[in-house]
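Trainee: 3D, please:
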Amino acid sequence: MRGNYLYSCLTAVVLLVSSVLGATVEQFAAEVAKSGHNIIQLTDSNYKKWLGGTHKVPRGANVLALFTTTALEFGCQTCLKFEAEYDALVQSWFNDHPGGVSKEDPEKALFFVKVSVMKPGQIPNAFKYFNLEHIPKLLFFPAGGRIDDYQSLDLPQEEGTMRVTYLITALKGAIGISDYQLYVPTDWSSIGVTMFAVFALVYLVRKHYAFLGTLLASRALWAVCSVAFIILMISGYMFNKIRGVPLAGSGPHGEVVYILENEFQSQYGIETQILAVFYGLLAALVVGLSMGIPKLNNYYQRRSDGTFIVAVASIVLAVAVYMFFAAYTNVYSTKQGGYPFKLFKVSALF
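Mentor: Numbering: from 1, shown residues only. Take a look at the predicted model:
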């Protein structure tokens, strides 16, 4: 019993001391390796450790800290736009320095941390410690200092690669290094998809040009496409362009969030696009039921299996209408918590 008590006390003392002492380069590198995205997330319990502590043990590395938010309630468009730019800033460094240490001067290392406000009224202690009132905010903590030794980095008005390049230049001057370059990865997936799409399109045109000509001359097809396009533009694309909302956000644990629950007046860009697709597909399906099925019936009326084909097509379209309307009501109930009506999800059968 006495041994267990002493062990518990010793463990508590070690944890307390480690929470206030400055982290070493090795500790930074180990934490970055566990993060999976080269950014250390600050919490109320660890921010003093990663930013330098309050004792006389200095920081072992240079640290750039981002104070931000991805919550739409704050209306911080700059915060949302800077998310991808900060990731580019981080990946540009770690692309050439996997361990976070400068190649031209092994005595100098750079690591990146981030802390976000997720909900109004729940302000992280790191914000309170530095008395931050405006976000996004970049604070640079030079190696060898303590938690109160830092400088604020200006965030230029330019967006995209210009802003990232400006910050890289500022960090090189603050640290005293030159081996830090902007890294823009090649999007091979996009190139591959584009090449495949072009090849498939050329093949289909050459193989079925007569059928495609007849299809493109169809008034019904153009009517369906026009209605779907109008709905997509009105309910999704135009809203995203005017408001400049982000496609998605992140939750309290770093997960991607596509739909804001119980937020009827706020939404992400991808949410409006999802609903626009629902509207367009529902419109197309209704047109198919009202106009396509009668034409299909006329085409197959002289065949013995014509009735069966028309019945199957009608059922398929009706089930599709039900499925998309059920998905729509599910999204609506997520946005409006008190909505009492629910439709059975066909996907639940699988």
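Trainee: C-alpha only now, for contacts and for neighbours.
Mentor: Noted.
Trainee: Can you mark which positions in the helix or strand encompassing residue 331 are buried?
Mentor: Element membership for residue 331 (DSSP states H and E) is helix 306-335. Within helix 306-335, the residues that qualify as buried are 306, 309-310, 313-314, 317, 320-328, 330-335, counting by 16 or more other C-alpha atoms under 10 Å.
Trainee: cool, and stretch 87-99?
Mentor: By neighbour count with 16+ other C-alpha under 10 Å, stretch 87-99 contains the buried residues 88, 89, 90, 91, 92, 93, 94, 95, 96, 97, 99.
Trainee: I'd like the residues you listed as a markdown table, with distance to residue 187, secondary structure and pLDDT appended.
Mentor: Output for the buried residues of stretch 87-99, formatted as a markdown table (distance: C-alpha to C-alpha, whole Å; DSSP: H, G, I helix; E, B strand; the rest coil; pLDDT from 0 to 100):
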| residue | distance to residue 187 | secondary structure | pLDDT |
| --- | --- | --- | --- |
| 88 | 14 | helix | 91 |
| 89 | 17 | helix | 93 |
| 90 | 18 | helix | 93 |
| 91 | 15 | helix | 93 |
| 92 | 15 | helix | 92 |
| 93 | 19 | helix | 93 |
| 94 | 18 | helix | 92 |
| 95 | 15 | helix | 90 |
| 96 | 18 | helix | 89 |
| 97 | 21 | coil | 90 |
| 99 | 24 | coil | 89 |
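Trainee: Identify the bridge partners of residue 111.
Mentor: Going by DSSP bridges, residue 111 is paired in beta bridges with residue 63.
Trainee: any chance you could map the strands in the stretch 201-350 of the chain?
Mentor: In the stretch 201-350 of the chain, the strands defined using DSSP state E, counting those that start in this stretch lie at 249-250, 256-257.
Trainee: Packing partners of the last one?
Mentor: Taking 3 or more C-alpha pairs under 8 Å, 6 or more residues apart in numbering; DSSP states H and E as contact, the helices and strands that strand 256-257 lies on are strand 249-250.
Trainee: Let me know the outermost residue of this structure.
Mentor: Distance from the centre of the chain peaks at residue 302, with 54.4 Å (C-alpha atoms, centre = their mean).
Trainee: Please report how far that residue lies from residue 208.
Mentor: Computed as C-alpha to C-alpha, to the nearest Å, the residue 302 to residue 208 distance reads 27 Å.
Trainee: do residue 175 as well
Mentor: According to C-alpha to C-alpha, residue 175 and residue 208 sit 62 Å apart.
Trainee: Residue 81 now?
Mentor: 44 Å.
Trainee: what do you get for residue 152?
Mentor: As judged by C-alpha to C-alpha, residue 152 and residue 208 stand 62 Å apart.
Trainee: tell me the mean pLDDT over stretch 269-287?
Mentor: If you average the pLDDT over stretch 269-287, you get 81.
Trainee: CA atoms only: put it into PDB for me.
Mentor: Extracted in PDB, the C-alpha atoms of stretch 269-287 (Å, rounded to 0.1, in the frame of the first residue of the first chain):
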ATOM      1  CA  GLY A 269     -21.300  25.200 -48.500                       C
ATOM      2  CA  ILE A 270     -21.400  21.500 -49.000                       C
ATOM      3  CA  GLU A 271     -24.700  21.300 -47.100                       C
ATOM      4  CA  THR A 272     -26.400  23.600 -49.600                       C
ATOM      5  CA  GLN A 273     -25.000  21.600 -52.400                       C
ATOM      6  CA  ILE A 274     -26.300  18.400 -50.900                       C
ATOM      7  CA  LEU A 275     -29.800  19.900 -50.700                       C
ATOM      8  CA  ALA A 276     -29.500  21.300 -54.200                       C
ATOM      9  CA  VAL A 277     -28.700  17.800 -55.500                       C
ATOM     10  CA  PHE A 278     -31.800  16.500 -53.600                       C
ATOM     11  CA  TYR A 279     -34.000  19.100 -55.200                       C
ATOM     12  CA  GLY A 280     -32.600  18.500 -58.700                       C
ATOM     13  CA  LEU A 281     -33.000  14.700 -58.500                       C
ATOM     14  CA  LEU A 282     -36.500  15.000 -57.100                       C
ATOM     15  CA  ALA A 283     -37.400  17.300 -59.900                       C
ATOM     16  CA  ALA A 284     -36.000  14.900 -62.500                       C
ATOM     17  CA  LEU A 285     -37.700  11.900 -60.900                       C
ATOM     18  CA  VAL A 286     -41.100  13.700 -60.900                       C
ATOM     19  CA  VAL A 287     -40.700  14.700 -64.500                       C
END
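Trainee: How far off centre is that stretch?
Mentor: When distances are taken as C-alpha atoms, centre = their mean, to the nearest Å, stretch 269-287 is centred 22 Å away from the chain's centroid.
Trainee: and if you look at stretch 266-286?
Mentor: With C-alpha atoms, centre = their mean as the basis, stretch 266-286 stands 19 Å off its chain's centre.
Trainee: With stretch 201-209 instead?
Mentor: For stretch 201-209 - counting by C-alpha atoms, centre = their mean - the centre lies 37 Å from the chain centre.
Trainee: In PDB, could you pull the C-alpha coordinates for that stretch?
Mentor: Extracted C-alpha coordinates of stretch 201-209, given in PDB (Å, rounded to 0.1, in the frame of the first residue of the first chain):
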ATOM      1  CA  LEU A 201     -15.900  10.800 -73.300                       C
ATOM      2  CA  VAL A 202     -13.900  10.300 -76.500                       C
ATOM      3  CA  TYR A 203     -14.600   6.600 -76.500                       C
ATOM      4  CA  LEU A 204     -18.300   7.000 -76.000                       C
ATOM      5  CA  VAL A 205     -18.600   9.700 -78.700                       C
ATOM      6  CA  ARG A 206     -16.800   7.600 -81.200                       C
ATOM      7  CA  LYS A 207     -18.600   4.400 -80.300                       C
ATOM      8  CA  HIS A 208     -22.200   5.800 -80.000                       C
ATOM      9  CA  TYR A 209     -22.200   9.100 -81.900                       C
END
